[in-house]
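Engineer: Return atomic coordinates for the entry below.
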Amino acid sequence: MATYHLDQTDQKILSFLVKNARMPFLEIARECGVSGAAIHQRVKKLESNGVITGSQLLVKPKALGLNVCAFISVSLSEANKYPEVIAALKKIAEIVECHFVTGKAALLVKVYCFDNDHLMEILLNTIQNIPYILSTETMISLDQAIERQVWVKDYKHGNYGKED
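Structural biologist: Residues are numbered from 1 along each chain as shown. Reported below is the predicted structural model:
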């Protein structure tokens, strides 16, 4: 896929939408000094070029009783079995992210569980039973100090996503 060139107006639009995906297009248009129709067209173009891949409602895991966030590094016995392992991991609802990474482990998985017993159940009876998983190492998150979307250069304030 070719890289889409973002101009200054695209950057402004993205900086507003990353901060508040529900911000009305007319409000963005006023901030950018263009028409509402122009914002609508630009957002559609950003979507069709794969810059914007959708929007979603974010739910705080703790509001659902998911009080444990953990990161699990996964080592594989056979690197070429990656697709089979990923297919099995996709079936585990507690897994919210999975990255193929460099380093000692092949995968880094993020899970949310109700408590440590639930985490242990997922580790021992689910993840570690997947063929080709050689070992796991688990790190429990004690606090999420930063939570944000990818940064977008903010032309209004002349910064690169830095907090005011």
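Engineer: pretty sure Gln11 belongs to a helix, no?
Structural biologist: Yes: counting by DSSP: H, G, I helix; E, B strand; the rest coil, Gln11 is located in a helix.
Engineer: how close does it sit to Val152?
Structural biologist: 6 Å (C-beta to C-beta, to the nearest Å). (Each C-beta comes from the backbone N, C-alpha and C, glycine too.)
Engineer: the more surrounded of those two?
Structural biologist: With neighbours defined as other C-beta atoms under 10 Å, Gln11 and Val152 compare such that Val152 has more, 19 against 15.
Engineer: tell me the SS of Gln149?
Structural biologist: Secondary structure for Gln149, judged by three-state DSSP, is coil.
Engineer: what's the closest non-adjacent residue to it?
Structural biologist: Leaving out its chain neighbours, the residue that sits closest to Gln149 by C-beta to C-beta, 6 or more residues apart in numbering is Val18, at 4.5 Å.
Engineer: same thing with Thr9?
Structural biologist: Distances taken as C-beta to C-beta, 6+ apart put Cys32 closest to Thr9, at 5.6 Å, once the chain neighbours are dropped.
Engineer: Please name the residues that touch that neighbour.
Structural biologist: Thr9, Lys12, Ile13, Ile39 (C-beta atoms under 8 Å, 6 or more residues apart in numbering).
Engineer: now swap in Met23 and tell me
Structural biologist: Phe16, Leu17.
Engineer: Show me what the nearest residue to Lys90 once chain neighbours are set aside is bridged to.
Structural biologist: With C-beta to C-beta, 6+ apart as the criterion, Lys90 has its nearest non-adjacent residue at 7.9 Å, and that residue is Cys98. With DSSP bridges as the criterion, Cys98 is bridged to Val109.
Engineer: isn't Cys98 right next to Ala87, touching?
Structural biologist: No: between Cys98 and Ala87 there is no contact under C-beta atoms under 8 Å: 11.0 Å.
Engineer: Have a look at those two and say which one is more surrounded.
Structural biologist: Using other C-beta under 10 Å, the more surrounded residue of Cys98 and Ala87 is Cys98, with 18 against 10.
Engineer: show me what contacts the more buried one?
Structural biologist: Ile86, Leu89, Lys90, Leu107, Leu108, Val109, Lys110.
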